[in-house]
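**Student:** requesting a structural model of the entry that follows:
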Amino acid sequence: SLDGTCKIHTVEHGIYVRILCPAGDPIVNLQLSNERHILIQIEKDDAYLFLYSINGDLIRTKKLQNKVVDMLLSDQHIILAVNHVSLPQSTNKKESTISVVTRIVIQTYA
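**Tutor:** A predicted model of the protein is given here:
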């Protein structure tokens with residue numbers, strides 16, 4: 001919603017179930033999977049991810065070492081584009097940014 005939260009309602013009747021607002025910070029990125037997971041990234045710290053069930057129950061919180069630029073949520077994996085910022089060896093203190101993709105396993109199916 002416009003206030004930076006995720007409001008969950010039932011599909012059949014639109015009845016309010018609960019509100020998701022991890023750490024009290026506005027949501028900047030939200031992804032849904034076919035397996036009914038909700039992945040949320042908050043504004044305050046771009047390195048924190050929150051994984052919820054479709055009912056709004058918190059499944060897992062993960063703090064990453066780098067800023068998340070974008071993310072995709074599939075049935076079994078979270079695919080992240082993150083920024084790695086490093087300082088060059090020269091005396092010039094400009095930052096160089098490298099984007100990489102990483103994968104986090106949500107669950108493994110037998």
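
**Student:** so, low pLDDT: which residues of this protein?
**Tutor:** 46, 84-110 (pLDDT under 70).

**Student:** how about the strands in it?
**Tutor:** 6-9, 16-20, 27-32, 37-42, 48-53, 58-63, 67-73, 77-86, 96-105 (DSSP state E).

**Student:** so what strands line up beside the shortest one?
**Tutor:** So the one you mean is strand 6-9. Partners of strand 6-9 in the sheet, by DSSP bridges, are strand 16-20 (antiparallel).

**Student:** quick one: stretch 5-13 to chain centroid distance?
**Tutor:** Relative to the chain's own centre, stretch 5-13 is displaced by 19 Å; criterion: C-alpha atoms, centre = their mean, to the nearest Å.

**Student:** that one: which residues count as buried?
**Tutor:** Residues Cys6 are the ones in stretch 5-13 that count as buried (16 or more other C-beta atoms under 10 Å). Glycine gets a C-beta too; all of them are placed from N, C-alpha and C.

**Student:** what about it, start to end distance?
**Tutor:** Terminal residues of stretch 5-13 lie 21 Å apart, using C-alpha to C-alpha, to the nearest Å.
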